[in-house]
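Visitor: predicted model and sequence follow; I will ask about them next.
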Protein chains: 2
Amino acid sequence: MALRFAIIITLEDKLCSGYEIAQNFNRGLGYFWCASHQQIYLELKKMTDAGLVSYDVIKQVGKPAKKVYRTTTEGFNALDDWLLLPAKMTPVKDALLMKIYVGSRVNPTVLLTEVQRHQQHYRELLKTYQEIDGCFQPIKEKPTKYQYSYLTLRKGILQAEAWLVWSDEVCTFLNDQIKDSF
Amino acid sequence: MALRFAIIITLEDKLCSGYEIAQNFNRGLGYFWCASHQQIYLELKKMTDAGLVSYDVIKQVGKPAKKVYRTTTEGFNALDDWLLLPAKMTPVKDALLMKIYVGSRVNPTVLLTEVQRHQQHYRELLKTYQEIDGCFQPIKEKPTKYQYSYLTLRKGILQAEAWLVWSDEVCTFLNDQIKDSF
DNA sequence: GACAGCATGTAAGAGGTTACATGATTGG
DNA sequence: CCAATCATGTAACCTCTTACATGCTGTC
């Protein structure tokens, strides 16, 4: 149910094709929702049938034609109704934490490599967020709409920073474990 | 696939019934995974069929009988195989962030109430974690197994703290919006 | 008598992943 | 020629939620 509203929200910033929505969710601005292209195409079809969105086929040179979607009045009404409902807490599902919890069963070098792989991901994410943050500064006194989206960026930054602080603690501990095993 | 290993991991600390596993996931120690009782009973059945766990029926006085599960050797082997596989990144799915992103469409008082509801949840969670943290202190020089589980507690604490710092920024902003609307 | 807690489950359906499938263009 | 990017989709399968179903005990 939330996916369709994530789509309507991304469409609010810029009219997009399914392909472009998928890109937005996976790269950069996927702070609040992500989904595969298969899921997005399916959802867009359902939303079109339900009258929440409509599309225009845009022909391109050197590229295949694309369906550019726009939200209908019904779509915006559905969004506004949904916004008043209480938001569900995100359920905790963290496979890396599970592996650390039972870390004594695993070779610490293997665990360290795994943690570092995730660390690299969060470092890149934080860097992207900080770059967007730099672009935000000049428009801080601009419309409230931008200030709301800035708050979501702040969340990404604070959570990524906290994750990196935590992972440093983990790496320090794992390095000690590796040293001790000699 | 990860649910079954979350079950095996909780069973490692203490032999449990499905009901008790569900309690562990929803209250207190659900730092890494959560699941409904329906899902757990179904998974336990599949795991029993696959030979990963077995159970004894324990009769109780004043309470219905329960099935207490234990992990088999095959179960532990499956766990150890899984631990060597790369852990999947947790996909971002945050309905509250979506609502804040398009906050300018919503009455700021409604949004504030919603944020405060989530805030209360994280405050209680942090309090629980801090209580557990207090119990951990005396065993800091104890077996590495405890030190690994302490790292997962640290994650809960750091992430909850970061969440609360962020939500304070959000509440400050929303209060300003409410003031400005007069 | 009603409600909460203990304890187990089934079934329908929504949500999401993985694999497969097509076809055009551009760059190495 | 191969791989990548753009662009769309289907099908099978797994995961998860919601609703329903049962039955016992203890408390208000």
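Guide: Ah, there it is.
Visitor: all contacts plus neighbour counts: C-alpha atoms, from now on.
Guide: OK.
Visitor: what comes up buried for the host helix or strand of residue A:135?
Guide: Element membership for residue A:135 (DSSP states H and E) is helix A:108-136. In terms of neighbour count (16 or more other CA atoms under 10 Å in any protein chain shown), helix A:108-136 has its buried residues at A:108, A:111-112, A:114-115, A:118-119, A:122, A:125-126, A:128-130, A:136.
Visitor: helix or strand next in line after that helix, which one?
Guide: Criterion used, DSSP H and E; the element after helix A:108-136 is helix A:144-180.
Visitor: and that following helix, what other elements does it pack with?
Guide: Counting contacts by 3 or more CA pairs under 8 Å, 6 or more residues apart in numbering or on different chains; DSSP states H and E, helix A:144-180 packs against helix A:108-136, helix B:95-101, helix B:144-180.
Visitor: quick one: closest of the ones you listed to DNA strand D.
Guide: helix B:95-101 (12.9 Å; CA to the nearest atom of the strand).
Visitor: chain center to that closest one: distance?
Guide: From the chain centre to the centre of helix B:95-101 is a distance of 21 Å (CA atoms, centre = their mean, to the nearest Å).
Visitor: how about it and chain A, touching?
Guide: Yes. Interface with chain A: helix B:95-101 contributes B:95, B:96, B:97, B:98, B:99, B:100, B:101 (CA under 8 Å from any CA of the partner chain).
Visitor: count the neighbours of residue A:33 for me.
Guide: Close neighbours of residue A:33, defined as other CA atoms under 10 Å in any protein chain shown, add up to 21.
Visitor: cool, residue A:175 as well?
Guide: The burial metric for residue A:175, expressed as a neighbour count using other CA under 10 Å, is 13.
Visitor: ok so, going back, check whether the helix holding residue A:135 contacts chain B.
Guide: Yes. Part of helix A:108-136 sits near chain B under the criterion CA under 8 Å from any CA, namely A:110, A:114, A:118.
Visitor: contact partners for the last one?
Guide: Read that as residue A:118. residue B:89 (CA atoms under 8 Å, 6 or more residues apart in numbering or on different chains).
Visitor: how much space between it and residue B:156?
Guide: Residue A:118 sits 17 Å away from residue B:156, taking CA to CA, to the nearest Å as the criterion.
Visitor: over to residue A:165?
Guide: 12 Å.
Visitor: show me how chain A divides into domains.
Guide: Residue ranges for the domains of chain A, per automatic domain parsing: A:2-83, A:95-180.
Visitor: and stretch A:81-89, how far apart are its ends?
Guide: One end of stretch A:81-89 to the other measures 18 Å (CA to CA).
Visitor: low-confidence ranges, chain A, go.
Guide: A:28-29, A:139-142 (pLDDT under 70).
Visitor: which residues are in contact with residue A:133?
Guide: Applying CA under 8 Å, 6+ apart to residue A:133 gives the contacts A:150, A:153.
Visitor: no wait, residue A:53
Guide: Contacts for residue A:53 (CA under 8 Å, 6+ apart) come out as A:44, A:47, A:69, A:70, A:71, A:72, A:75.
Visitor: can I get the helices and strands packed on helix A:144-180 in a markdown table with distance to residue A:37?
Guide: A markdown table is the format used below for the helices and strands packed on helix A:144-180 (distance: least, CA to CA, whole Å):
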| stretch | distance to residue A:37 |
| --- | --- |
| helix A:108-136 | 21 |
| helix B:95-101 | 19 |
| helix B:144-180 | 30 |
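Visitor: any chance of those helices in a markdown table, plus distance to DNA strand D?
Guide: Supplementary listing: those in a markdown table, determined by distance: least, CA to the nearest atom of the strand, whole Å:
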| stretch | distance to DNA strand D |
| --- | --- |
| helix A:108-136 | 17 |
| helix B:95-101 | 13 |
| helix B:144-180 | 19 |
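Visitor: out of the ones you listed, flag the one nearest residue A:148.
Guide: Ranking these by proximity to residue A:148 (CA to CA) places helix B:95-101 first, at 5.4 Å.
Visitor: export the closest one as PDB, just CAs?
Guide: In PDB, the C-alpha atoms belonging to helix B:95-101 read as follows (Å, rounded to 0.1, in the frame of the first residue of the first chain):
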ATOM      1  CA  ALA B  95       6.600   5.400   5.900                       C
ATOM      2  CA  LEU B  96       7.100   8.200   8.500                       C
ATOM      3  CA  LEU B  97       9.900   9.700   6.400                       C
ATOM      4  CA  MET B  98       7.600   9.700   3.400                       C
ATOM      5  CA  LYS B  99       5.000  11.600   5.300                       C
ATOM      6  CA  ILE B 100       7.600  14.200   6.400                       C
ATOM      7  CA  TYR B 101       9.000  14.500   2.900                       C
END
